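Student: Just the structure for this:
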Amino acid sequence: MSLIFDFPEHVEHDVIDTGMMKWAIKRTRAIHHLGGFCVWTGRAGIGKTTVAEQMVKFIEEAYDPENPRAFRAVLYEAGSVQDWSKHEAKRGIRSLYCGVGCMLDEGVYRSYLPEELAADLVHFLIKMNIQYIFADEAGCLSLNAIRGMVTVSDTARLKRWPLTIILIGMDNLPTMLTKISQVDRRVYDWIYFKPCTIEETHKLLATLHPYFKGLNLKNRDHKRQIQYIHDAYKGIPGSIVLFAIRFANLLNELPLEDPMVHIQAAHIQPLFDKKLCINDSQSNYQGLLKECDEETDVSPDLKENESSCAAGSSFDGQMSETTRSTDNVVTFPTERTNTEVEDGKHPY
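Tutor: Modelled structure (predicted):
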């Protein structure tokens, strides 16, 4: 049988204005007149980049060259700069050049002092009316590279140009920035991103798939489904988005199946496959192989075994510490007794 590849349609989802998003934007705006740094950090998939994209979008859509208070914003992803690299401070400045789209001649870069590079960059920022620079994955930068960015910030202040540089990232970014007081003092706000509430999880799911639009948190059975997803992914938006894609695929294949089976399968199935991938890798891809069996690899059998899977049974007990510690993977909810369900407690 020949297979014909069907190109999927491009899907765009609305971004939910969560409380965390509004709080981060409000606090970042509040310190802008100071012209320093702001740090956004939090777990992977928590929504830092999405909020930055939205804030840049809001600023660009509201920008009016006739408005003397209006300015522009840029978001870019920083590359890795190691501590052993030469001229780390200049490479930090070069990172900003690249981020804002300013061409930098190689000869100028090699011959100019960091102060001269910073002055030229600030001149470009003034010309383009850029006052916000979001540097995503800033944890990849070295401390000395960030000190080069501090030179740009200080130069902008001397030229009376309000410039806020938002460092977004994980790794050891928070620890690194506090090592040197000259850098730490220039961070005027630290924003730690927190997970969604269950209500926000429901709103996010409702934008991702029409099935969840029909659910009501006041309905006990509906809340059980949303609560399962919320607990399984710790309220992390990035993980919930990936779950919704898997759920939609399973629901399309078996639309008459109980949706809760699809919800559990969309969560459990990747964990089984991830464990198989890790085990096969650790065994150097040797040993017995299990044949692919669509009859057992999809959701019908999961329905029969959902209680043991949800309880974490033998598979959960065999999960490696690496798998357990992954931010977006959690142990399965504890199985409850029928008595607990009758008492009003949720079984998942």
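Student: pLDDT of stretch 77-94, averaged?
Tutor: Averaged over stretch 77-94, pLDDT sits at 80.
Student: From residue 47, how far off is the spatially closest residue to residue 235 that is not a sequence neighbour?
Tutor: In space, and not counting its chain neighbours, residue 235 is closest to residue 195: 3.2 Å by Cβ to Cβ, 6 or more residues apart in numbering. Backbone N, C-alpha and C define where each C-beta goes, glycine included. Using Cβ to Cβ, to the nearest Å, residue 195 is found at 9 Å from residue 47.
Student: ok, these two, which is more surrounded?
Tutor: The neighbour comparison of residue 195 against residue 47 (other Cβ atoms under 10 Å) goes to residue 47, with 26 against 21.
Student: that older thread, which ones are touching the residue nearest to residue 235?
Tutor: Neighbouring residues of residue 195 by Cβ atoms under 8 Å, 6 or more residues apart in numbering: 43, 46, 234-236.
Student: Could you rerun that using 10 Å?
Tutor: 18, 20, 42-43, 45-47, 201, 230, 233-237, 239-240 (Cβ atoms under 10 Å, 6 or more residues apart in numbering).
Student: ok so, going back, overlap in contacts of residue 195 and residue 47?
Tutor: Among the neighbours of residue 195, those also in contact with residue 47 (Cβ under 10 Å, 6+ apart) are 18, 20, 236-237.
Student: Just put those residues in TSV and tack on pLDDT.
Tutor: Below are those laid out as TSV (pLDDT from 0 to 100):
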residue	pLDDT
18	85
20	92
236	94
237	93
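Student: Now tabulate these in CSV and tack on neighbour count and secondary structure.
Tutor: CSV is the format used below for those (neighbours: other Cβ atoms under 10 Å; DSSP: H, G, I helix; E, B strand; the rest coil):
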residue, neighbour count, secondary structure
18, 24, coil
20, 22, helix
236, 24, coil
237, 24, helix
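Student: If you count neighbours, what's buried in stretch 266-280?
Tutor: By neighbour count on 16 or more other Cβ atoms under 10 Å, the buried set for stretch 266-280 is 266-271, 275.
Student: Report the mean confidence score over that stretch.
Tutor: In this model, stretch 266-280 has an average pLDDT of 92.
Student: just stretch 211-228 next, same as before
Tutor: Average pLDDT, stretch 211-228: 95.
Student: distance between the ends of that stretch?
Tutor: 15 Å (Cα to Cα, to the nearest Å).
Student: How about it, which residues are buried there?
Tutor: 211-212, 215, 222-228.
Student: how close does residue 74 get to residue 112?
Tutor: Noted for residue 74: a distance of 22 Å to residue 112, by Cβ to Cβ.
Student: next one: residue 189
Tutor: In terms of Cβ to Cβ, residue 189 sits 32 Å off from residue 112.
Student: again with residue 260
Tutor: Separation of residue 260 from residue 112 (Cβ to Cβ) stands at 63 Å.
Student: now residue 170
Tutor: If you measure residue 170 against residue 112 using Cβ to Cβ, the figure is 32 Å.
Student: about what we covered before: can you list phi and psi of the residue nearest to residue 235 for me?
Tutor: Here is the backbone geometry of residue 195 (degrees, to the nearest 10): phi -70, psi 170.
Student: next one: residue 130
Tutor: According to degrees, to the nearest 10, the main-chain angles of residue 130 amount to phi -100, psi 120.
Student: Secondary structure class of the residue nearest to the spatial centre of the chain, three-state.
Tutor: Closest to where the C-alpha atoms of the chain average out (Cα atoms, centre = their mean) is residue 45, at 2.7 Å. Of the three states, residue 45 takes coil under DSSP: H, G, I helix; E, B strand; the rest coil.
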